[in-house]
Each structure stands twice: as structure tokens, then as C-alpha cells.
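Asks: Sharing a model prediction with you, sequence too.
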Amino acid sequence: MPKTNVTIPFFIPHLGCRHRCVFCNQVYTSNTTKPPDDNDIINKVELYLKNIKSSVQHVEIAFFGGSFTGLDSEIQKKYLAIAHAYYSKKMIHGIRLSTRPDYINKPILQLLKEYTVTTIELGVQSFHDDVLQASSRGHTVDDTMNAIACIKNAGFNLIIQLMPGLPCDTPDKSIESAHIACTLQPNGVRIYPTIVIKDTVLEKLFIEGIYTPMTLEEAVTLTAGMYSIFTMNNIPVIRMGLHPFANDTSSFIVAGPYHPSFGYLVKSRYCRNQLQNMLQQATDNNSTSKRYIIELPALHSAEYLGAHRENIAFLQNMFYNSYIQCTITNTLEPILYSDSYYE
């Protein structure tokens, strides 16, 4: 499917952060050792713009990593001035940045408005104070709520970032955080299950047996539940799991549910859950053996079928008294048909 949105990313690892969260080592996760200078930004933007395909309708410059609004205001202005120049010439369509809840206030937002920032990504991580405290976040849920209110009142697009699996977190707490996020009506969310990264406090806690990360199966199951909540509330989930790394991940990922195709695994589990619920309802309504034909939307057939058709095998095993056949059509949602099955 042709790409319609392009983000030109710049990473400023740990800049603007006044302390280190237990899980964080952005040098590893961003594969960046130093922030970009003016020429780095200009050269990268020009390269992206030169190679953008005709299908692309929306281009953004984005500053990730660190806490952008924790930077000295003159440094913020330097970066934003470059992005604003492209925005004012209509060469890009938006400016995005990520930051922390306690680094948001009206003067900061006014500065961002002056430089036409369009989207603020907020590192919320959890809506539970005990989880935030155990993770050394340095802010509270009240800080988060105040920041979100200010961002929305000022007219920015809001993206909420959540991190299930932090110290003191539980699946129930993560699901509750997803429900709370929905009530705040963000423009999108990112879900990053917690990974143990080398040279972090979390690595020390893991080695000492104090912290146990989720398994991949646990993370997929939980994130699929959160994804379902956001989908039912028409809130886009724009990312699940860390971006795939080009280098050898074994050199800095100590433990936890990292997978280069984590988002696909979650969407596939969500789709399997959909089909399972449809079949369960059908079999509950008619206990006799049946033949079921499921029409799957071609646009998402890979997620519904699962890798090597594992979702279909799972369903055939679960509903072993029934015959299940799947076909690919142009339907927008899966459709189930049933009739009597005779050998």
C-alpha cells in the first residue's frame, strides 16, 4: 500500500532530561550519540523532500528523544526556526515534538505556537502514580492531566505514549491506563511495552531479580487488549513496539518483549480475537456441528490469517467440531456465513 504520510525524524537523546528514568538509554534505542546540528537537519530534510513519492500527502519534521521542551529556550528556537522555515514555505505540513508532562506550561506552549508546532507527543507511560514513582519518572498523574488540558486548550494535536510492563505495573493497570487515555480524546497513541536496555537502572533490577519483564506472548496479549480499546474508541494507534533496529539488538537489549515486527503480531492477535469472538457467538447460538465460511478483507488479510496461517490453525483447533473456511474478498470487515455441514 503506497505511503501517504512521511515523518522526517531527528533524535536528541537525553537532551532536556533533568534525570534518568529507570528504563531509559536513548543512545541505544535511537542509535544516536549526539544531537543534530543545523546542517544535519537541513541536509536530511532536503534529502527526504527530494525523494518523496507522489502518493505522500503529509510530511512532518519531528524531534524525538530527550524532552524537547526541557531544552534551553534558545536551543528550542534554533531547531524550531529551521522546521518553521520549511513549514512557512509549505514544503512540509507539520512540526512534531516529544516531551514530558512536567515540562509543559503556558509560556512553553506559547513559544511552540510561535514556531507553528502542530503536534505534541507526551510521554505519559502510565496513569498510575505508583508505577510512575517506581519508574523514576519524576512526575505525577496530576502533572499529566494538567499538561494534557493545557495542550488541548492551546489547540495542539496530542499523542499519548504508554509503556505497559513498567515496575509496579500490572495488566489491569495498563488496561485502565488505556481507558483513561480514551477519555482524554488524544489524536493518537503509541504503545511501547517495556524492554530492558543495557546500562539502565532497570537492567540492574532485572539482574537482581527485582524486576521481571513481560514475555513476548504476554506483551502481545496485553497490547492487543489495549489496541482493541483504542480502536473501539476511534483513536489511532500509530506505533506499537520499538522501531526495528538496523544493528545487532543483542548488544543492548538485555530482556523483554522486543520483536522487529511487534506491531504486526499485535494486529494479528487483535484480528484473531475478532474471528474467535464471531465463531464463539455463532457456535453458542447453534450447538450442532456447522460449516463456517469467513470472508476476510483483502486489505488486512495478512493480519487475519497470521504468519503461516497460524490464526486459522488456532481457530480450527479451538472449534474442532466445526469446519472453517476462509476466503479473501474486498469486504471492509470480516463476515461470517454458516450452513449445515455434511460429510
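Replies: Ah, there it is. Numbers count the residues shown, from 1 in each chain.
Asks: low pLDDT regions in the stretch 201-343 of the chain?
Replies: The model of the stretch 201-343 of the chain has pLDDT under 70 over residues 246-250, 287-289, 340-343.
Asks: quick one: the helices in it?
Replies: Using DSSP state H, counting those that start in this stretch, the helices of the stretch 201-343 of the chain run over residues 201-207, 216-232, 262-285, 301-305, 310-318.
Asks: Let me know which of the ones you listed is the nearest to residue 83.
Replies: Comparing the helices of the stretch 201-343 of the chain against residue 83 with Cβ to Cβ, the closest turns out to be helix 262-285 (26.8 Å). Where you see a C-beta, it was placed from the backbone N, CA and C, and this is true even at glycine.
Asks: Can you get me a residue count around residue 47?
Replies: 11 (other Cβ atoms under 10 Å).
Asks: and it, how far is that from residue 290?
Replies: 57 Å (Cβ to Cβ, to the nearest Å).
Asks: now do residue 10
Replies: 55 Å.
Asks: out of the two, which sits in the busier spot?
Replies: Under the neighbour definition other Cβ under 10 Å, residue 10 and residue 290 were set side by side, and residue 10 has more, 22 against 19.
Asks: what bridges to the more buried one?
Replies: Residues in a beta bridge with residue 10, per DSSP bridges, are residue 63.
Asks: One more: residue 294?
Replies: Residue 294 has these beta-bridge partners by DSSP bridges: residue 326, residue 336.
Asks: Does it touch residue 326 like I think?
Replies: Yes: contact criterion Cβ atoms under 8 Å: residue 294 and residue 326 qualify, at 4.9 Å.
Asks: Surely residue 123 is in contact with residue 102?
Replies: No: assessed by Cβ under 8 Å, residue 123 is found out of contact with residue 102, at 10.1 Å.
Asks: These two - which one has more neighbours?
Replies: Neighbours per residue (other Cβ under 10 Å) separate residue 123 from residue 102, with residue 123 holding more: 22 against 19.
Asks: The helices of the stretch 201-343 of the chain: which one's closest to residue 62?
Replies: Of those, nearest to residue 62 by Cβ to Cβ is helix 262-285, at 18.1 Å.
Asks: how about the closest one: buried residues?
Replies: Applying a neighbour-count criterion of 16 or more other Cβ atoms under 10 Å, one finds 262-275, 278-279, 282-283 buried in helix 262-285.
Asks: quick one: it to helix 310-318, angle?
Replies: 30 degrees (axes from the mean of the first three to the mean of the last three Cα atoms, to 10 degrees).
Asks: Would you mind extracting the C-alpha trace of helix 262-285 into CSV?
Replies: Output of helix 262-285 as CSV, limited to C-alpha atoms (Å, rounded to 0.1, in the frame of the first residue of the first chain):
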residue,chain,number,x,y,z
PHE,A,262,5.8,-6.4,17.1
GLY,A,263,3.0,-4.2,15.7
TYR,A,264,2.1,-6.9,13.2
LEU,A,265,2.0,-9.5,15.9
VAL,A,266,-0.4,-7.3,17.9
LYS,A,267,-2.7,-6.5,15.0
SER,A,268,-2.7,-10.2,14.0
ARG,A,269,-3.7,-11.2,17.6
TYR,A,270,-6.4,-8.5,17.6
CYS,A,271,-7.8,-9.9,14.3
ARG,A,272,-7.7,-13.5,15.7
ASN,A,273,-9.6,-12.3,18.7
GLN,A,274,-12.2,-10.8,16.4
LEU,A,275,-12.7,-14.0,14.5
GLN,A,276,-12.7,-16.1,17.7
ASN,A,277,-15.5,-13.9,19.1
MET,A,278,-17.5,-14.2,15.9
LEU,A,279,-17.2,-18.0,15.8
GLN,A,280,-17.9,-18.4,19.6
GLN,A,281,-21.1,-16.4,19.2
ALA,A,282,-22.1,-18.5,16.2
THR,A,283,-21.5,-21.8,17.9
ASP,A,284,-23.2,-20.6,21.1
ASN,A,285,-26.3,-19.9,19.1
